[in-house]
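Novice: Here is my input; please provide its structure:
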Amino acid sequence: MSIINLIAAFGGGIFAAAIGGVPAFILTGVFSIAGAVAGMCGAADASGILINYMAFGSFFGPHISFAGAVAAAAYAKKKGALENGADIVSALAGLNAPDVLLVGGVFGVIGYLFKELVVANLFAGTISPRLVTDAPGFTVFCSALLVRAVFGGARFKTSDNFISSGNVLGTTIVIGACYSLVVAGIYTGAVAAGVPVEAFGGLYHVLIFGMAAIGLTFAVAGTAFPGCHHIVIIAAEATVQSYARMGNLFASLIIGVIFGTISAIIADIEGNTINCGTDSHIDNPACAIFIMTFVVNACFPAA
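Specialist: This is a model prediction of the structure:
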């Protein structure tokens with residue numbers, strides 16, 4: 001853990017609160033793609049900076065920036081400065097409330113500490129290669145639970161249904177399966193065509209995640225763009241890691257589709273049971289990502 005990065009996390013949380021959680025997350029995607037491409041092109045140093053210090057560091061790391069923006073919005077709702085505490089799109093700098101931004105900074109620091117002191121020591125392969133999860137996703141989810149506890153509100157208000165039904169559930173399953181098919185198909189198709197696995201530089205999931213994150217630009221613009229980063233990153237991880245273990249491209253393709261679809265369903269369930277109401281946002285994609293990353297690594301631990 002670096003004290004400098006810890007201090008920087010305070011600024012990262014404030015910055016994200018000022019511009020909005022989703023806009024900050026979109027920038028995470030920008031640097032994820034840049035870092036992944038750099039790594040695939042052999043620029044390891046540039047890739048490390050872009051991924052570890054920008055996309056997932058104190059500047060745009062979701063466990064710092066997005067988590068800080070979530071906390072700031074909930075606090076703004078509690079003090080009556082914001083109508084919807086689950087608003088993760090609006091730039092809170094427009095409220096002209098410095099205390100709201102400072103709350104974002106505080107939770108940016110909390111996110112940094114949780115990732116470095118808890119996740120890195122318990123769920124990053126230190127105990128077992130099968131006990132590994134996505135650090136930013138797990139931190140975002142746990143930070144949001146803390147936000148709900150600190151700033152109150154509708155605790156865990158549930159909707160009428162445990163899971164969506166009818167066409168809504170059908171759409172979730174179709175998107176989950178088909179998006180996963182594309183992600184898994186690109187990787188397995190490339191390998192089948194003779195592209196060496198090493199050409200991906202171990203960064204295929206980062207590239208795919210970044211593309212999905214940037215896609216949220218359309219959602220911010222007001223279109224009905226479905227958030228899919230929790231689907232595609234799990235599909236990518238499951239495909240890559242299962243192929244590394246089994247060496248069977250067809251099986252890895254199917255596994256990627258299955259795991260990605262399950263991730264979509266988990267996010268739907270969390271959205272109907274925990275992330276309800278307007279008091280604060282408890283991110284259902286983050287929930288799905290950290291749960292399914294546990295599952296992927298339990299089944300196919302990285303070599």
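
Novice: Which helix or strand contains Gly256?
Specialist: helix 249-273 (DSSP states H and E).

Novice: how about the following helix or strand past that helix: buried residues?
Specialist: Going down the chain from helix 249-273, the next helix or strand is helix 284-299, by DSSP H and E. Using 16 or more other C-beta atoms under 10 Å as the test for burial, helix 284-299 gives 284-297. All C-beta atoms are positioned from the backbone trio N, CA, C, and that covers glycine.

Novice: what would those residues look like in CSV with distance to Ala93?
Specialist: What follows is the buried residues of helix 284-299, written out as CSV (distance: C-beta to C-beta, whole Å):
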residue, distance to Ala93
Asn284, 26
Pro285, 25
Ala286, 24
Cys287, 28
Ala288, 30
Ile289, 28
Phe290, 30
Ile291, 33
Met292, 34
Thr293, 33
Phe294, 36
Val295, 39
Val296, 38
Asn297, 39
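
Novice: shaky segments in the stretch 201-303 of the chain?
Specialist: Confidence mapping of the stretch 201-303 of the chain against pLDDT under 70 gives the ranges 303.

Novice: Leaving out sequence neighbours, find the closest residue to Phe294.
Specialist: Of all residues beyond its chain neighbours, the one nearest Phe294 is Thr133 (4.8 Å), with distances taken as C-beta to C-beta, 6 or more residues apart in numbering.

Novice: For Pro226, see how far away the residue lying closest to Gly21 once chain neighbours are set aside is.
Specialist: If the residues on either side of it in the chain are set aside, Gly21 comes closest to Ala69, at 3.3 Å by C-beta to C-beta, 6+ apart. Ala69 sits 21 Å away from Pro226, going by C-beta to C-beta, to the nearest Å.

Novice: who has more neighbours, those two?
Specialist: Under the criterion of other C-beta atoms under 10 Å, the comparison of Ala69 against Pro226 puts Ala69 first, with 36 against 17.

Novice: got the contact list for the more buried one?
Specialist: 13, 16-17, 20-21, 24, 88, 92, 104 (C-beta atoms under 8 Å, 6 or more residues apart in numbering).

Novice: Identify the farthest-apart pair in these.
Specialist: Using C-beta to C-beta, the two most remote members of the contacts of Ala69 are Gly13 and Ile88, lying 13.6 Å apart.

Novice: Between those two, which is the more surrounded one?
Specialist: Applying other C-beta under 10 Å to Gly13 and Ile88 shows that Gly13 carries more neighbours, namely 33 against 22.

Novice: Enumerate the positions of stretch 92-104 that are buried.
Specialist: Using 16+ other C-beta under 10 Å as the test for burial, stretch 92-104 gives 92-93, 95, 97, 100-104.

Novice: Inside strands: which ones of these?
Specialist: If you go by DSSP state E, the buried residues of stretch 92-104 have nothing in strands.

Novice: wait, which of those residues is closest to Cys41?
Specialist: Gly104 (34.7 Å).

Novice: What's the local residue count around Ser4?
Specialist: For the record, residue 4 is Ile, not Ser. For Ile4, the neighbour count with other C-beta under 10 Å is 8.

Novice: and it, which of the three is it?
Specialist: Put simply, Ile4 is helix when judged by DSSP: H, G, I helix; E, B strand; the rest coil.

Novice: so how far is Ala219 from it?
Specialist: Distance from Ile4 to Ala219, by C-beta to C-beta: 34 Å.

Novice: Same question for Gly137.
Specialist: For Gly137, the distance to Ala219 - C-beta to C-beta - is 19 Å.

Novice: chain center to the host helix or strand of the residue nearest to Gly21: distance?
Specialist: Secondary structure from DSSP H and E places Ala69 in helix 65-78. Mean-position distance between helix 65-78 and its chain equals 17 Å (C-alpha atoms, centre = their mean, to the nearest Å).
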